[in-house]
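Trainee: Generate coordinates for the sequence data below:
(one chain, ligands or ions: 1)
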Amino acid sequence: MKVIGIVGMPGSGKGEVSRIARELGIPVVVMGDVIRERAREAGLPPTDENLGAISAQVRTDLGMGAIARLTIPIIESQDAPVVLVDGIRGDREVAVFREHFPDFTLIAIDSSFETRYRRLAKRGRPDDTLTPDELRARDERELGWGLGRAFELADYRIENEGSLEEFTAEVRGLLSRLAGVDG
Ligand SMILES: Nc1ncnc2c1ncn2[C@@H]1O[C@H](COP(=O)(O)OP(=O)(O)OP(=O)(O)O)[C@@H](O)[C@H]1O
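Mentor: Numbering: from 1, shown residues only. Model prediction:
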């Protein structure tokens, strides 16, 4: 099984990459869903604060690669030749995936703070951060998990500063090449 991982700062465009993958027929496993599911089981609303606290707890209890390990069976259950995994937050998680899946490719999505802030302010998901300070705090939290180091481990880097059409075309081209499907 070929596994493609996506890494990027909050609001960099990972969700758009997932959308494009689905359009190409590549199943997508979202690591954050493991955490959202835990919040649901605990009866907690999926706010940024709650999801952050649960993620931190899982990592403290089970180690920095824990969420990746919890995601592996979900990836394997996809029964597809290529699967995309969204939500890598740290270098330990990259190591877990690379150890488990010999054919693992990591793509980094790069967007500036200003661009991400502007886009997130428009998105309106319940856990979206609304002030620059809140986004900065979220950035810091994720960098603390090794997001910056994970970024450095990427095999490909795509910049997302232009239009959604430009980004879509570039991502579509790379994913179809990696997956061996018609873009
Ligand atoms: N090039 C672009 N032009 C305009 N809007 C964009 C572009 N790329 C992404 N967006 C929009 O910006 C918002 C953030 O993107 P997206 O949800 O893909 O980020 P993310 O990396 O998945 O964020 P998170 O880490 O919070 O899950 C979305 O509303 C998305 O549609």
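Trainee: check contacts around the closest residue to G180 other than its chain neighbours.
Mentor: Nearest residue to G180, sequence neighbours excluded (Cβ to Cβ, 6 or more residues apart in numbering): V82, at 7.8 Å. In short, each C-beta sits where N, CA and C put it, glycine included. Counting by Cβ atoms under 8 Å, 6 or more residues apart in numbering, V82 touches M1, K2, V3, I4, I26, L178, A179, G180, V181.
Trainee: other SSEs contacting the worst-scoring helix or strand of the chain on mean pLDDT?
Mentor: Sorting the helices and strands of the chain by mean pLDDT, DSSP states H and E puts helix 48-62 at the bottom, at a mean of 89. Packed against helix 48-62, as judged by 3 or more Cβ pairs under 8 Å, 6 or more residues apart in numbering; DSSP states H and E, are the following elements: helix 31-41, helix 66-76, helix 132-144.
Trainee: Please see if that helix touches the ligand.
Mentor: No: judged by Cβ under 6 Å from any ligand atom, helix 48-62 stays clear of the ligand, getting no closer than 9.0 Å.
Trainee: what angle do that helix and helix 66-76 make?
Mentor: Helix 48-62 runs at 90 degrees relative to helix 66-76, counting by axes from the mean of the first three to the mean of the last three Cα atoms, to 10 degrees.
Trainee: which outside residues touch helix 48-62?
Mentor: Against helix 48-62 from outside (Cβ under 8 Å, 6+ apart): 32, 35-36, 38-39, 42, 44, 66-67, 69-70, 89, 127-129, 134, 138, 141, 145.
Trainee: can you do 10 Å?
Mentor: By Cβ atoms under 10 Å, 6 or more residues apart in numbering, the residues outside helix 48-62 that reach it are 10, 31-32, 34-39, 41-42, 44-47, 64-67, 69-70, 87, 89-90, 92-93, 125-130, 134-135, 137-138, 141-142, 144-145.
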